[in-house]
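[1] structure, please.
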Amino acid sequence: MKFGVMFVNAGPFAFPEYLEILARTAEEAGFESIWTVEHVLIPLGYHSRYPYSSSGRLPGPESSPIADPILPLAFAAAITKKVRLGTAIVILPQRHPAYVAKEMATLDVLSGGRAMLGIGIGWLKEEFDAVGVPFNQRAGRTDESIHAIRSLWKPTPEAFEGKFYKWGPVESNPKPLQQPGVPIIIGGHSDGAARRAARYGDGFFPMTDDPQVLASLLATMRAECAKIGRDPKEIEISMGTVGLDVTLDLDAARRAQDAGVGRLAIAPPAYDPDGLRRGLHEFAERVIVKL
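    You can find the predicted model right below:
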């Protein structure tokens with residue numbers, strides 16, 4: 001079982017002093033990965049429902065800092081040696097795939113092959129409206145972008161033509177150190193995300209700690225794999241949620257492992273330096289070293 005820390009670019013971790021403590025401590029304590037989140041804008045008074053909270057609202061006020069998801073991982077790459085660096089998630093349909101391919105390949109090179117691209121389709125319609133991307137196209141744009149990104153990571157130039165993006169043979173360099181490319185991990189808690197993971201994902205990152213929901217999503221993913229003739233064991237399963245914090249005990253981690261989860265990602269245990277160091281090391285002693 002691998003363990004990660006989520007939300008490492010949000011709140012105080014959007015700033016270098018706290019991000020440095022979190023990244024270094026996570027690596028020292030034996031966490032395998034750190035993960036960033038994304039919202040380029042938070043429209044004031046939004047009406048869209050946040051799907052990971054009973055309140056339907058993002059945790060914290062609308063003014064809470066959320067740094068870009070990729071730049072902090074480059075910062076973390078420079079101050080760590082082995083912890084893997086993932087986005088959970090980049091809102092892929094809001095971004096042009098050529099930029100995502102370039103940025104993630106660059107991160108992979110700078111980090112020595114530690115990058116992971118977690119992607120999702122997004123939920124905040126008002127944010128899509130603000131950046132001029134049709135909300136009702138987000139699923140199609142996401143699927144096409146995955147193909148486009150992988151096309152740009154291939155060793156030789158090739159043309160790409162889809163419904164939303166089109167270009168002739170182009171060079172996009174550097175290429176990722178990881179081949180055939182940076183792992184693309186599909187985030188989400190819907191059946192659509194599970195099917196997308198089966199069709200396109202190197203991994204699946206359902207945002208739930210409900211055993212029944214997890215079982216249903218994995219069943220959907222496996223059924224889609226059977227439909228397209230893919231071995232579901234090729235897809236690494238991660239799990240994380242706003243509610244999955246350092247109160248997670250060893251038994252819960254073992255149950256997740258038995259269900260097929262290969263990685264658990266927790267929220268930061270504290271927002272002050274001493275509490276953060278203490279919480280991560282205590283979690284490592286209580287859970288990580290025993291699995």
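
[2] isn't residue 70 up against residue 105?
    No: here residue 70 lies out of contact with residue 105, judged by C-beta atoms under 8 Å, at a distance of 11.0 Å. Any C-beta I mention is one placed from the backbone N, CA and C, and that applies to glycine too.

[3] who touches both of these two?
    Here residue 70 and residue 105 have no joint contacts, going by C-beta atoms under 8 Å, 6 or more residues apart in numbering.

[4] can I get the CA coordinates of the host helix or strand of residue 251 in PDB?
    Assessed by DSSP states H and E, residue 251 sits inside helix 250-258. Output of helix 250-258 as PDB, limited to C-alpha atoms (Å, rounded to 0.1, in the frame of the first residue of the first chain):
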ATOM      1  CA  LEU A 250      -4.900   0.600  10.200                       C
ATOM      2  CA  ASP A 251      -8.000  -1.600   9.900                       C
ATOM      3  CA  ALA A 252      -9.600   0.900   7.500                       C
ATOM      4  CA  ALA A 253      -6.400   1.000   5.400                       C
ATOM      5  CA  ARG A 254      -6.400  -2.800   5.300                       C
ATOM      6  CA  ARG A 255     -10.000  -2.900   4.200                       C
ATOM      7  CA  ALA A 256      -9.200  -0.500   1.400                       C
ATOM      8  CA  GLN A 257      -6.300  -2.600   0.400                       C
ATOM      9  CA  ASP A 258      -8.500  -5.800   0.400                       C
END
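
[5] in it, what's buried?
    Residues 253, 256 are the ones in helix 250-258 that count as buried (16 or more other C-beta atoms under 10 Å).

[6] what's the first helix or strand after that helix?
    Following helix 250-258 toward the C-terminus (DSSP H and E): strand 263-266.

[7] packing partners for that following strand?
    Secondary-structure packing of strand 263-266 (3 or more C-beta pairs under 8 Å, 6 or more residues apart in numbering; DSSP states H and E): strand 2-5, strand 33-36, strand 236-240.

[8] most centrally placed residue in the protein?
    Closest to where the C-alpha atoms of the chain average out (C-alpha atoms, centre = their mean) is residue 88, at 2.0 Å.

[9] the closest residue to residue 191 other than its chain neighbours: what's it in contact with?
    Closest residue to residue 191 apart from its sequence neighbours, by C-beta to C-beta, 6 or more residues apart in numbering: residue 220 at 4.8 Å. Residues near residue 220 by C-beta under 8 Å, 6+ apart: 191, 194-195.

[10] does residue 220 lie in a helix or a strand, and which?
    Per DSSP H and E: helix 211-228 holds residue 220.

[11] thinking again about what came up before, so which of the helices and strands packed on strand 263-266 is the most surrounded?
    strand 33-36 (a mean of 26; mean count of other C-beta atoms under 10 Å).

[12] with just CA atoms, put that strand into PDB.
    Extracted C-alpha coordinates of strand 33-36, given in PDB (Å, rounded to 0.1, in the frame of the first residue of the first chain):
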ATOM      1  CA  SER A  33       3.400  11.000  -3.100                       C
ATOM      2  CA  ILE A  34       2.000  14.500  -2.700                       C
ATOM      3  CA  TRP A  35      -1.000  15.800  -4.600                       C
ATOM      4  CA  THR A  36      -2.300  19.200  -5.600                       C
END
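
[13] quick check: mean pLDDT across the helix holding residue 251?
    What helix 250-258 shows for mean pLDDT is 91.

[14] same check on stretch 135-150?
    Stretch 135-150 carries an average pLDDT of 98.

[15] can you check stretch 229-246 too?
    Here the average pLDDT along stretch 229-246 is 82.

[16] and for stretch 218-225?
    98.

[17] what's the answer for stretch 177-191, then?
    Averaging pLDDT residue by residue across stretch 177-191 gives 96.
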